[in-house]
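Asker: for reference, the sequence and a predicted model appear below.
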Amino acid sequence: MMRRFIWGIGSTALVVMALALTLVIQTPAEAQVLGTGWVGSFYNNTTFSEPAAASNISYPVGLRFNWGAGSPTDGAGVTIPGVNADNFSAVFTSTQLFNAVGTYNFTIFVNDGVRVSIDNQVYINQLTPFNNTTPNAFQTLTFQYNRTTPGSGNIRVDFVEYSGDANLVVQWSIPGSSGGGGTGFTTPIGPTATAVPIATGSVITVRGLALRTGPYLGASMVGVIRPNVVYPILEKNFDEGLFPWYKIQDGNRIGWASGRYLIATGNLDLIPSTQTIFDRIDNPTDLPPALNIVGYTRSVMNLRRRPSERTQLLNQIPWGDGVQIIGRTVQGGQNFWLQVRWEGQVGWIYAPFVTIEGLIEAVPIR
């Protein structure tokens, strides 16, 4: 790749769209927790039969969603490619700390079916359809979980969506809290918990730092964060190698910012390193039928694993070769990086050195 390209991209500050990881601490009036660090796998059947249509989907701040009649989304609210809107099943797992000794009261709001187990012991097994045609209707299920010693528990939630609306909340009370009798969230879209960030970040050196859809210099830009504001840090990523990237929350926006210009404070060891959307689209399945958008290189092009010249070099595409364009990132309304297939490989090339033939607007923006 040309040196003028390398320096131009290297000077760009980064950010990515994502979801905020926080320690969820409810007020005494709610006294309910959702847990953190959930991971889900989805199957295009109602029997959890392999292969998975999607796996390693992150839900860092708990299972609390209402998908209605639409397709399931990840913890950042992004539609999961390749998963049915109806007639699917999902498995969510997490390890939670139960530091208080006593009885934990679990409450599950669900439409349709659910099975809940802790350390391989099943507490709820209700996987049949929930036959209610009222919009946003759900069933409420409860059970008690007793701890005689502090420690961790491995929670598994099996969820089945047959048809119509899909929603799920999994919450539990802390023994001895004022809400131990079961107060708290009363619907799958109930009140929001008061969240205390594990770590925070502040912009330094620059007047504005780009928020991006992923932890890469070439990811699409979704906003700008400013100095003199403290932003919650949700996740971290070291894929570029030179500087860490942090997923942060800016009001209703979530994205990735470069650690080169973001000073982080707090317990960074507790911030999880999770997959991003770019890890799920190495061979995308959400492309329009018969998508045949072609690009021709106007120089020898470096084919990279991700949209950044700091990531792994997969190959070099000769001058004038044709590539199939299957994805893109944008910045300032212009194509920034292109995801392409070339001689059986999928990777990313820098868009300004590519002549495009076809309706590029039909290519998904990442």
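Answerer: Thanks, I have the structure now. Numbering: from 1, shown residues only.
Asker: low-confidence ranges, the stretch 151-300 of the chain, go.
Answerer: Residues of the stretch 151-300 of the chain meeting the criterion pLDDT under 70: 176-197, 252, 284-290.
Asker: quick one: the strands in it?
Answerer: Ranges of strands within the stretch 151-300 of the chain are 151-161, 166-173, 195-197, 199-203, 209-212, 221-225, 231-237, 245-250, 253-258, 262-266, 294-297, based on DSSP state E, counting those that start in this stretch.
Asker: show me which positions of the first one end up buried.
Answerer: Neighbour counts over strand 151-161 (16 or more other C-beta atoms under 10 Å) mark 153, 155, 157-161 as buried. Yep, even glycine has a C-beta here, placed from its N, CA and C like the rest.
Asker: any chance of those residues in CSV, with distance to residue 365 too?
Answerer: CSV is the format used below for those (distance: C-beta to C-beta, whole Å):
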residue, distance to residue 365
153, 40
155, 35
157, 32
158, 34
159, 29
160, 32
161, 27
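Asker: and of those residues, the nearest to residue 37?
Answerer: Each of the buried residues of strand 151-161 was scored against residue 37 by C-beta to C-beta, and residue 155 proved nearest at 10.4 Å.
Asker: residue contacts, residue 223?
Answerer: Listed by C-beta atoms under 8 Å, 6 or more residues apart in numbering, the contact partners of residue 223 are 15, 210-211, 250, 253, 255.
Asker: could you redo the last one with a cut-off of 6 Å?
Answerer: Residues near residue 223 by C-beta atoms under 6 Å, 6 or more residues apart in numbering: 211, 253.
Asker: for it, give its distance to residue 339.
Answerer: For residue 223, the distance to residue 339 equals 22 Å [C-beta to C-beta, to the nearest Å].
Asker: likewise for residue 356?
Answerer: Counting by C-beta to C-beta, the gap from residue 356 to residue 339 is 13 Å.
Asker: neighbour count for those two, which is higher?
Answerer: residue 339 (24 against 17; other C-beta atoms under 10 Å).
Asker: show me what counts as buried in stretch 307-320.
Answerer: Buried residues in stretch 307-320, defined by neighbour count with 16+ other C-beta under 10 Å: 307-311, 317.
Asker: so which of those residues sit within strands?
Answerer: residue 317 (DSSP state E).
Asker: now the buried residues of stretch 307-320 in TSV, with distance to residue 351?
Answerer: Shown next, in TSV, are the buried residues of stretch 307-320 (distance: C-beta to C-beta, whole Å):
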residue	distance to residue 351
307	9
308	13
309	13
310	17
311	16
317	13
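Asker: determine which two of the buried residues of stretch 307-320 are furthest apart.
Answerer: Pairwise distances across these peak at 18.7 Å for 310 and 317 (criterion: C-beta to C-beta).
Asker: on that earlier part again, rebuild the strands of the stretch 151-300 of the chain as TSV, extending it with distance to residue 335.
Answerer: Below are those laid out as TSV (distance: least, C-beta to C-beta, whole Å):
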stretch	distance to residue 335
strand 151-161	36
strand 166-173	35
strand 195-197	35
strand 199-203	27
strand 209-212	15
strand 221-225	12
strand 231-237	24
strand 245-250	22
strand 253-258	19
strand 262-266	26
strand 294-297	10
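Asker: so which of those strands comes closest to residue 111?
Answerer: strand 166-173 (5.2 Å).
Asker: quick one: the closest one to strand 151-161, angle?
Answerer: 160 degrees (axes from the mean of the first three to the mean of the last three C-alpha atoms, to 10 degrees).
Asker: now strand 166-173, how far from the centre of its chain.
Answerer: The gap between where strand 166-173 is centred and where its chain is centred comes out at 19 Å by C-alpha atoms, centre = their mean, to the nearest Å.
Asker: then stretch 227-244?
Answerer: Using C-alpha atoms, centre = their mean, the distance from the centre of stretch 227-244 to the centre of the chain it belongs to is 15 Å.
Asker: got the buried residues for that stretch?
Answerer: 231-237, 239-240, 243-244.
Asker: now, among those, which is nearest to residue 77?
Answerer: Closest approach to residue 77 among these (C-beta to C-beta): residue 234, at 13.2 Å.
Asker: so the closest one makes contact with residue 247?
Answerer: Yes: between residue 234 and residue 247 there is a contact at 4.5 Å, judged by C-beta atoms under 6 Å.
Asker: any idea what residue 330 is bridged to?
Answerer: residue 335 (DSSP bridges).
Asker: that one and residue 129, how far apart?
Answerer: From residue 330 to residue 129 the distance is 42 Å (C-beta to C-beta).
Asker: settle it for me: which of those two has more neighbours?
Answerer: Neighbours per residue (other C-beta under 10 Å) separate residue 330 from residue 129, with residue 330 holding more: 17 against 14.
Asker: that one reaches residue 219, doesn't it?
Answerer: No: if you go by C-beta under 6 Å, residue 330 and residue 219 don't touch, sitting 9.7 Å apart.
Asker: so residue 265 versus residue 298, what's the distance?
Answerer: As judged by C-beta to C-beta, residue 265 and residue 298 stand 45 Å apart.
Asker: most widely separated two among the buried residues of strand 151-161?
Answerer: Maximum pairwise distance in the buried residues of strand 151-161, criterion C-beta to C-beta, is 25.6 Å, between 153 and 161.
Asker: can you list the residue ranges for helices in the protein?
Answerer: Listed in chain order, the helices of the chain (DSSP state H) span 3-10.
Asker: got the domain ranges for it?
Answerer: Annotated domains of the chain cover 3-19+196-277, 24-195, 280-362 [automatic domain parsing].
Asker: thank you, goodbye.
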